[in-house]
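Engineer: Provided below are the primary sequence and the corresponding predicted coordinates.
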Amino acid sequence: MFVDEAVIYVKGGDGGNGLVSFRREKYVPFGGPDGGDGGDGGNVYLVADENENTLLAFRYQQRFVAGRGANGGPNRRTGKRGEDVYVRVPVGTVVWLLDGPNGRPVEIIGDLTEHGQVLLVARGGKGGRGNAHFATPTHQAPRFAERGEPGEERWLKLELRLLADVGIVGLPNAGKSTLLAAISAARPKIAEYPFTTLVPNLGVVEFNDERFVVADIPGLIEGAHLGHGLGHEFLRHIQRTRVLIHLIDGLHPDPLGAYDVVNRELVEFDPALGEKPQVVAVNKIDIPEVRQRLGEVRSRFAGRGVDIIAISAATGENVRTLLGRVVEVLRAERGRTAPAAPQEVVLRPTAQSQVRVRREDGVFVVEGEPAVRSVVMTDLNNPDAVRFLRRKLARLGVLRELRRAGAGPGSVIRFGKIDVPWETLTAEFRR
């Protein structure tokens with residue numbers, strides 16, 4: 001079953017908690033803090049795999065969560081790092097960031113076009129620091145440690161775009177599948193009714209020492225870009241092609257009109273498709289009626305400056321001529337647009353160091369990675385940890401910005417997913 005879209009949830013592993021521990025050893029009565037750090041959480045990666053050809057597997061598994069880091073140990077022992085998760089996707093997968101499980105796409109964060117290409121999609125959280133990190137000359141026995149940072153979590157839309165050199169487009173029943181079967185070893189379903197092809201088909205063509213991949217997509221109808229018919233669902237699969245074979249049904253009452261309909265739909269879906277070079281072919285010349293009107297059809301296209309090739313995909317007549325023209329155009333396009341060298345793609349979060357405060361539904365929302373991370377990694381039930389947090393937030397200017405925004409007694413302050421009362425941030429400390 002061919003599936004070319006899927007929505008998945010990915011989450012990096014949470015970091016392990018730091019440990020509160022003191023050295024306990026014979027003849028060393030005041031050994032000092034020796035709590036170790038928690039291990040970092042694992043990451044989630046997408047890996048392009050040429051052995052995968054559909055997104056069907058994501059119908060049955062949508063959640064991918066990396067391993068959690070282990071907690072820190074005594075004697076400054078660092079916890080074990082969480083296990084990474086590698087999710088294999090077909091080559092040609094485009095990755096969209098969504099704003100929720102049923103949300104709209106926000107931006108493309110990756111395009112996996114080479115076998116083995118790796119994309120980091122969810123970073124694991126940092127492990128919390130043990131109490132050994134917080135010892136100072138004036139505070140030699142800290143009784144608090146950091147909690148592990150939660151891993152990043154995202155909803156992603158995976159969109160498969162087939163990697164083909166040549167795409168065959170046309171109205172339904174133009175003979176696209178017959179042509180694909182004639183020029184390659186592909187065996188798509190062929191019948192004498194529209195929309196026989198329900199999913200894209202790929203075939204490998206070898207001609208004159210040239211080897212290239214051809215994609216046949218379901219037929220287009222007028223209004224396809226608005227969701228009519230089937231072709232709009234698969235037009236993305238020809239976005240990567242270099243050359244289009246525009247196949248026209250010789251029995252169509254208005255071949256030039258059919259040509260215009262398809263081109264209009266291509267441009268409406270993606271203007272870049274209208275810029276791709278086309279090799280135009282009129283099919284079914286093995287039928288006497290088509291052969292008789294061929295001169296008229298050729299002259300009408302010539303009036304537009306379009307040179308057509310008359311073929312019969314069923315008998316193979318002039319198919320080699322068509323392939324020769326396709327190879328000529330394909331070589332020119334390859335020379336003009338050389339592919340970039342493959343590289344590993346890494347999605348890195350944008351750090352927001354500047355503190356900003358906004359009001360939302362009566363809650364003061366603090367933005368800025370250092371401030372949010374500090375609160376998230378603090379054990380708010382530990383008085384010593386909270387006192388340390390107050391000093392840190394004051395240094396970052398968080399309290400000053402909150403007061404400017406109008407926060408005060410009774411206010412609720414939100415850091416990420418954690419709500420903190422104003423009194424927790426300000427009691428016993430003034431700045």
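Structural biologist: Looks like it arrived, so ask away.
Engineer: all helices of this structure, in order?
Structural biologist: In the chain, the helices defined using DSSP state H lie at 176-183, 255-269, 288-292, 294-302, 319-336, 369-376, 383-396, 398-404, 422-426.
Engineer: so where is the chain shaky, pLDDT-wise?
Structural biologist: Counting by pLDDT under 70, the chain contains low-confidence ranges at 1-2, 185-199, 219-234, 337-353, 428-431.
Engineer: mind giving me the domain split of it?
Structural biologist: Here the domain assignment for the chain is 5-160, 166-336, 356-426, based on automatic domain parsing.
Engineer: now those as JSON lines including mean neighbour count?
Structural biologist: For glycine as for every other residue, the C-beta is placed from the backbone atoms N, C-alpha and C. Shown next, in JSON lines, are those (neighbours: other CB atoms under 10 Å):
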{"stretch": "domain 5-160", "mean neighbour count": "19"}
{"stretch": "domain 166-336", "mean neighbour count": "18"}
{"stretch": "domain 356-426", "mean neighbour count": "17"}
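Engineer: nearest residue to residue 426 other than its sequence neighbours?
Structural biologist: Spatially, and ignoring its direct neighbours in sequence, residue 426 is nearest to residue 399 (6.8 Å; CB to CB, 6 or more residues apart in numbering).
Engineer: That neighbour contacts residue 393, doesn't it?
Structural biologist: Yes. Using CB atoms under 8 Å, residue 399 is in contact with residue 393, at 6.0 Å.
Engineer: Please enumerate the shared neighbours of these two.
Structural biologist: Residues touching both residue 399 and residue 393 (CB atoms under 8 Å, 6 or more residues apart in numbering): residue 425.
Engineer: Residues contacting stretch 93-103, please?
Structural biologist: Residues outside stretch 93-103 that contact it (CB under 8 Å, 6+ apart): 7, 9, 46, 48, 55, 104-112, 119, 121, 154-161.
Engineer: If the residue nearest the centre of the chain is in a bridge, with which residues?
Structural biologist: Of all residues in the chain, the one closest to the mean position by CA atoms, centre = their mean is residue 95, 0.9 Å from it. Under the criterion DSSP bridges, residue 95 forms beta bridges with residue 110, residue 158.
Engineer: what does residue 280 give?
Structural biologist: On DSSP bridges, the residues paired with residue 280 through beta bridges are residue 246, residue 308.
Engineer: I'd say residue 213 and residue 200 touch.
Structural biologist: No. Applying CB under 8 Å as the test, residue 213 and residue 200 come out as separate, 11.4 Å apart.
Engineer: Could you pull up the residues touching the closest residue to residue 420 other than its chain neighbours?
Structural biologist: With sequence-adjacent residues excluded and distances taken as CB to CB, 6+ apart, residue 420 is closest to residue 413, at 4.9 Å. Listed by CB under 8 Å, 6+ apart, the contact partners of residue 413 are 363-364, 366, 402, 407, 419-422, 425.
Engineer: how near is residue 376 to residue 420?
Structural biologist: 11 Å (CB to CB, to the nearest Å).
Engineer: Turn the contacts of residue 413 into a markdown table, columns for distance to residue 295.
Structural biologist: Shown next, in a markdown table, are the contacts of residue 413 (distance: CB to CB, whole Å):
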| residue | distance to residue 295 |
| --- | --- |
| 363 | 76 |
| 364 | 78 |
| 366 | 76 |
| 402 | 81 |
| 407 | 82 |
| 419 | 78 |
| 420 | 82 |
| 421 | 86 |
| 422 | 86 |
| 425 | 85 |
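Engineer: Just the closest of those residues to residue 242, please.
Structural biologist: residue 366 (49.8 Å; CB to CB).
Engineer: hang on, the closest one packs against residue 402?
Structural biologist: Yes. Residue 366 sits in contact with residue 402 when judged by CB under 8 Å, with a separation of 7.3 Å.
Engineer: Mutual contacts of the two, please.
Structural biologist: 357, 413.
Engineer: Output stretch 105-112 as CSV - backbone C-alpha positions only.
Structural biologist: Output of stretch 105-112 as CSV, limited to C-alpha atoms (Å, rounded to 0.1, in the frame of the first residue of the first chain):
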residue,chain,number,x,y,z
PRO,A,105,2.5,23.2,8.9
VAL,A,106,4.8,26.0,10.3
GLU,A,107,8.0,25.4,8.3
ILE,A,108,10.1,22.8,6.5
ILE,A,109,12.9,21.6,8.9
GLY,A,110,14.5,19.0,6.7
ASP,A,111,14.6,17.4,3.2
LEU,A,112,16.1,13.9,3.1
